[in-house]
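>>> Need a 3D model of the sequence below.
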Amino acid sequence: MEDIYNNGYLPPGAILQDRLEKALQQFLGNSASKIIKTGQDILMEVSQEVLGPVLTEFISNPEISLTILKGLSSGGSKEAGSIIADLSGKNISFSLFLKVRLKDGQINKNQAAILRLFAQSYKQTRFCLTDHGPENKLEPGVGTYNQVVEFDGFDIDLSLEEETINTVFIDTSPARIIKSDFFYDLNIDQLIAYMGRFDYNAGIFGELVFCQALEELLQLEIPKRAKYIRMLMSELFRMINHLEYISNISSILDYDIARNLALLEKEKILRTTEIITGARVIPNYMKIGGVRADIGSDLLKKLKRQLPLMYKKIKRIENILIRDFVLVERTTNIGTITKQLAVEFGISGPNLRASGSRHDRRKENDHISYGDLHFTVPYGRKGDCLERISIRFAEIYQSLKIIGQVVSKIPMGPVIKKINLSHLDLNLSAFTSSVECPHGEMKIFGEMEGKTLQSLAVFGPSKSSLSLAETLLVGSSFEDTRLIIASLDISGGELMEYYF
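The predicted structure is shown next:
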């Protein structure tokens, strides 16, 4: 079985999916009430009573080997709740979604009990514990003192000895929300707009992953032109996010010229997306069956003419930063993430690729049409802050390359296949999907009955990166704290989905 973290691309995912499903049926079939394929992933449903032995089998059985916890979320109604876990392994590129049904009554107490069981097998669970808040901050020891650093959606409490970080506590309580029923009163169109809030630097990806999931559930093939427009919008928003990332890094390192130039280029792209979608932050542009509106040929031609100039200006920003000896010294061997450590914490996206992997969701399980285009997946070797910065520049250049091909090859035709969602009458059905967003791999799990959503869980890559940060910061200098955290590209919007 080929390992995705040591090699570039995977063997057919369906083969690995079949192997895991058979192994689960063989070893845990009697413990599970349901083991089924859901799109590219697998859903397994168990009761709270058998969770402990099931998790032990996941970790210890080499035929299963689900050693990576990528996220936890609550699901279902308040009366019949559940916890959804996104689990994976080193040798697979898809997820096992483990649905744990809560016992009747005392929902909060049952959730806490389940989380404690997960914590015994997966150390990343501690970020989902209800007591991971300010009441559990670090107490200074002998010869140490505490320092709190505030970020978007979380605070970091550091215990320092002189200027070296000894222990780290990340308080995620600022991102806590009551989310168990946020979707119940929304129709599908309203919910698509809501999904953009989970990644407010690149809101298109939340919309995309939700639409893809329902389209696959309904076996709905969208028009070819709509697929190309989705690729175009995805790459524009990827560039917006990466330019915001570069401006943040430049600000921390006091490179004001690079920061201002990055924000200027970001603003130009935002104007283009605003013309297309009518919005700057929450696009509300994706629709079930395609996209909300077509893009005129004049705008596409103008965009293509701008690509060479955009490349030159972004290359100038890269030269200001990457060719500066002081910056190179300041970022080399700082916040280093080895490939092994990245795999252990379930890191994905540019942070994983900076550590030596070429894994990119766009190269596999392609729900749109990236297979029609030619592009490479940039990857690094050292996994330090400098490598993560360099990867963002390289990905921007590949996005420009993709956009150029999309504009040249986009076919004529409709941009949406209309479907009347009000007439849906489905049996209880699970759906999943994933996209390569700018921070990493964003996944969604949900269940629908009739035309009503029964559960919905969004798993963003920022939680895994933030979980790793507690380990990564230990032993680092205090002055590097903001640089290391900024280099991980944490999206505060993704954090709010993990609290109960």
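
>>> Report the next helix or strand after the helix ranked longest in the chain in sequence order.
If you go by DSSP state H, the chain has its longest helix at helix 224-252. Downstream of helix 224-252, the first helix or strand assigned by DSSP states H and E is helix 256-277.

>>> Name the residues of that next one that are buried.
For helix 256-277, a neighbour-count test (16 or more other C-beta atoms under 10 Å) marks 258-259, 261-263, 265-266, 269-270, 272-273, 276-277 as buried. To be clear about C-beta, it is placed using only N, CA and C from the backbone, and glycine gets the same treatment.

>>> which one of those is nearest Gln190?
Using C-beta to C-beta, Thr277 comes nearest to Gln190 of the buried residues of helix 256-277, at 16.3 Å.

>>> Can you give me the neighbour number for Gln340?
In terms of burial, Gln340 registers 12 neighbours under the definition other C-beta atoms under 10 Å.

>>> Need the residues that contact the strand or helix carrying it.
Assigning secondary structure by DSSP H and E places Gln340 in helix 339-344. By C-beta atoms under 8 Å, 6 or more residues apart in numbering, the residues outside helix 339-344 that reach it are 5-6, 67-68, 90, 351-352, 355-357, 383, 468, 471.

>>> circling back: quick one: mean pLDDT over the longest helix of the chain.
Predicted confidence along helix 224-252 averages 96 (mean pLDDT).

>>> that older thread, between the contacts of helix 339-344, which sits nearest Phe97?
Ile68 (13.3 Å).

>>> got a list of what that closest one touches?
For Ile68, the contact set (C-beta under 8 Å, 6+ apart) comprises Leu87, Ser88, Gly89, Lys90, Tyr122, Val343, Glu344, Phe345, Gly346.

>>> Backbone torsions only: list them for it.
Dihedral pair for Ile68: phi -120, psi 120, per degrees, to the nearest 10.

>>> from memory Thr376 sits against Tyr397, does it?
No. Using C-beta atoms under 8 Å, Thr376 makes no contact with Tyr397, being 9.7 Å away.

>>> the more surrounded of these two?
Neighbours were counted for Thr376 and for Tyr397 using other C-beta under 10 Å; Tyr397 has more, 18 against 13.

>>> what is the mean pLDDT for the helix or strand hosting that one?
Secondary-structure assignment from DSSP H and E places Tyr397 in helix 385-409. Across helix 385-409, pLDDT averages out at 97.

>>> after that helix comes which helix or strand?
Next helix or strand after helix 385-409 toward the C-terminus (DSSP H and E): strand 426-437.

>>> Who are the packing partners of the helix or strand following that following strand?
Downstream of strand 426-437, the first helix or strand assigned by DSSP H and E is strand 440-450. Counting by 3 or more C-beta pairs under 8 Å, 6 or more residues apart in numbering; DSSP states H and E, the packing neighbours recorded for strand 440-450 are strand 41-47, strand 68-76, strand 81-88, helix 204-217, helix 350-353, strand 426-437, strand 452-459, helix 462-473.

>>> if we can go back for a sec, which parts of the helix holding Tyr397 count as buried, going by neighbours?
Within helix 385-409, the residues that qualify as buried are 385-407, counting by 16+ other C-beta under 10 Å.

>>> Can I get the buried residues of helix 256-277 in TSV including distance to Gly413?
As requested, those are arranged in TSV below (distance: C-beta to C-beta, whole Å):
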residue	distance to Gly413
Ala258	42
Arg259	42
Leu261	38
Ala262	36
Leu263	37
Glu265	32
Lys266	31
Ile269	26
Leu270	28
Thr272	22
Thr273	22
Ile276	18
Thr277	20
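
>>> circling back to that earlier point, the helix holding Tyr397 vs helix 256-277, what angle?
Using axes from the mean of the first three to the mean of the last three C-alpha atoms, to 10 degrees, the interaxial angle of helix 385-409 with respect to helix 256-277 works out to 30 degrees.
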